[in-house]
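J.: sequence and predicted model, in that order:
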Amino acid sequence: MQTSPSSTGKIRLAIVGVGNCASSLVQGIQYYREAPPEVRDQHLGLMHYDLGGYTPESIEVVAAFDVDKRKVGQPLEKAIFALPNCTTQIVNELKPTGVKVQMGVPHDGVSDHMKDFAEHRAFRLSSEQPVDVVQALKDSRAEVLICYLPVGSEEAVQFYAQCCLEAKVAMVNCMPVFIASREDWAEKFKAAGLPIVGDDIKSQVGATIVHRVLTKLFSDRGVQLKRTYQLNTGGNTDFLNMLNHNRLKSKKISKTAAVQSQLPVPLDPDNIHIGPSDYVPWQNDNKVCFLRMEGEGFAGVPLHLEMRLSVEDSPNSAGVAIEAIRCAKLALDRKVSGPLYSISSYTMKHPPVQYPDSEAYQRVEDFIAGKIEV
């Protein structure tokens, strides 16, 4: 079984994909490190400030990989602010990390259509040769890898999952590429003695979690949901990437399954539409969700619900990522391997097992307290 190489109370983190989500995560770690006591006491923006003895500032980034020429070779504290990143600046100035962004392996991580857009919006592939990722992970003594690759990067995410297995590193898969929720990959991580959290991260209060909760509310209160849609727009690189609809198959499966799982009987596919809808450049990292639910209540009387949710997309997932990273480290400490069902269900759209969110929350609490996952 894999044991933690560090006894310093730190979590040695590797990041794949230095985009907006990575920017919010790295900035957020410093924010909580410098936060006044009242923020820590109230654990604002976090499920826990102290999770099993680990706080947000326990996370130390030791390696980072990207393929954009504006980020590769740059110190991490500069790369997270490089174009095309456009998320909210949380801290005024990021302290030196001692980490330079290394050239990753592109595979299918960059869609061809991205080159057709202006430089301040799209990817620009670096001409640097990819590094040996497995060796880089070993050299950095990384313990957990978090995957922030673009939607549709099926080959690339699987490549980094294999790198984790070879380098003996736990994985948090934030992408809608099915690793933790696929039996063959789950068995590989279990056999390697490594925990994995996945797949496809849910935001703190985002479109999917709100849609799930409302769907469960309809069901619990006796309202039969007949039809529903969730339309999302945004202006970050993620939405630009998703203009290529060929990259959306897993994303739509993941988001739809997250909502369908809350119903006693799934809706007919013609009556549910969930997925990215359009790219609006001036929205930048702001994501807007338009949600409609049509149901029948008492005596078949119609009930319609419409909602608009506006969030800053990347910070909305950073706190959730911090929870997942710390649970992965706890699992390493305790020599727990394979998919972590509780934190995966709580933080991910397409976990190996879909629990109602209230139950997933309690299961995470039980896991932190040391109870064995079943």
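T.: All right, it came through fine.

J.: buried sites along stretch 62-80?
T.: Burial within stretch 62-80, assessed by neighbour count using 16 or more other CB atoms under 10 Å, is assigned to 62-72, 74, 76-77, 79-80. Backbone N, C-alpha and C define where each C-beta goes, glycine included.

J.: what's near enough to touch Q89?
T.: Q27, F81 (CB atoms under 8 Å, 6 or more residues apart in numbering).

J.: per-residue pLDDT, it?
T.: The pLDDT attached to Q89 in the predicted structure is 96.

J.: can you offset everything so residue one is 15?
T.: Okay, residue one is now 15; in that scheme the one you just asked about reads as Q103.

J.: give me the three-state assignment for it.
T.: On the three-state scheme (DSSP: H, G, I helix; E, B strand; the rest coil), Q103 is labelled coil.

J.: now swap in M61 and tell me
T.: On the three-state scheme (three-state DSSP), M61 is labelled coil.

J.: relative to F192, how far out is it?
T.: 25 Å (CB to CB, to the nearest Å).

J.: the more surrounded of the two?
T.: Legend: neighbour count by other CB atoms under 10 Å for M61 and F192, higher for F192 (22 against 19).

J.: which stretches of the stretch 265-388 of the chain form strands?
T.: With DSSP state E, counting those that start in this stretch applied, the stretch 265-388 of the chain shows strands at 286-293, 300-310, 316-326, 352-353, listed in chain order.

J.: which residues does the worst-scoring helix or strand of the chain on mean pLDDT contact?
T.: Scoring the helices and strands of the chain by mean pLDDT, DSSP states H and E places helix 51-55 at the bottom, with a mean of 78. The contact list for helix 51-55, computed with CB under 8 Å, 6+ apart, reads Y46, Y63, T69.

J.: and which of these is nearest to S356?
T.: Checking those against S356 with CB to CB, the nearest one is Y63 at 19.1 Å.

J.: C-alpha coordinates for the least confident helix or strand of the chain, CSV please?
T.: Coordinates of the C-alpha atoms in helix 51-55 are reproduced here as CSV (Å, rounded to 0.1, in the frame of the first residue of the first chain):
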residue,chain,number,x,y,z
PRO,A,51,-8.8,34.3,12.6
GLU,A,52,-12.5,35.1,12.2
VAL,A,53,-12.4,33.7,8.6
ARG,A,54,-10.8,30.5,9.8
ASP,A,55,-13.1,30.2,12.7
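
J.: how about the strands in the stretch 15-164 of the chain?
T.: The residue ranges that make up the strands of the stretch 15-164 of the chain, judged by DSSP E, counting those that start in this stretch, are 25-30, 73-80, 115-117, 158-161.

J.: got the angle between the lengthiest helix in the chain and strand 25-30?
T.: In the chain, assigned by DSSP state H, the helix with the most residues is helix 329-348. If you take axes from the mean of the first three to the mean of the last three CA atoms, to 10 degrees, helix 329-348 sits at 130 degrees to strand 25-30.

J.: counting contacts, what elements does helix 329-348 pack onto?
T.: When contacts are defined as 3 or more CB pairs under 8 Å, 6 or more residues apart in numbering; DSSP states H and E, helix 329-348 packs onto strand 25-30, helix 34-48, strand 73-80, strand 158-161, strand 184-187, strand 209-211, helix 355-361, helix 371-382.

J.: keeping just the C-alphas, turn it into PDB.
T.: Only the C-alpha atoms of helix 329-348 are listed here, as PDB (Å, rounded to 0.1, in the frame of the first residue of the first chain):
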ATOM      1  CA  PRO A 329     -13.600  30.200  -7.500                       C
ATOM      2  CA  ASN A 330     -16.900  28.400  -7.200                       C
ATOM      3  CA  SER A 331     -15.100  25.100  -7.500                       C
ATOM      4  CA  ALA A 332     -11.800  25.800  -5.700                       C
ATOM      5  CA  GLY A 333     -13.100  25.200  -2.200                       C
ATOM      6  CA  VAL A 334     -14.600  21.900  -3.300                       C
ATOM      7  CA  ALA A 335     -11.300  21.000  -4.800                       C
ATOM      8  CA  ILE A 336      -9.500  21.700  -1.500                       C
ATOM      9  CA  GLU A 337     -11.900  19.300   0.200                       C
ATOM     10  CA  ALA A 338     -11.200  16.600  -2.300                       C
ATOM     11  CA  ILE A 339      -7.400  17.100  -2.200                       C
ATOM     12  CA  ARG A 340      -7.400  16.800   1.600                       C
ATOM     13  CA  CYS A 341      -9.600  13.700   1.600                       C
ATOM     14  CA  ALA A 342      -7.200  12.100  -0.900                       C
ATOM     15  CA  LYS A 343      -4.300  12.800   1.400                       C
ATOM     16  CA  LEU A 344      -6.200  11.400   4.400                       C
ATOM     17  CA  ALA A 345      -6.800   8.200   2.400                       C
ATOM     18  CA  LEU A 346      -3.000   8.000   1.700                       C
ATOM     19  CA  ASP A 347      -2.300   8.400   5.400                       C
ATOM     20  CA  ARG A 348      -4.700   5.700   6.200                       C
END
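
J.: lovely, talk soon.
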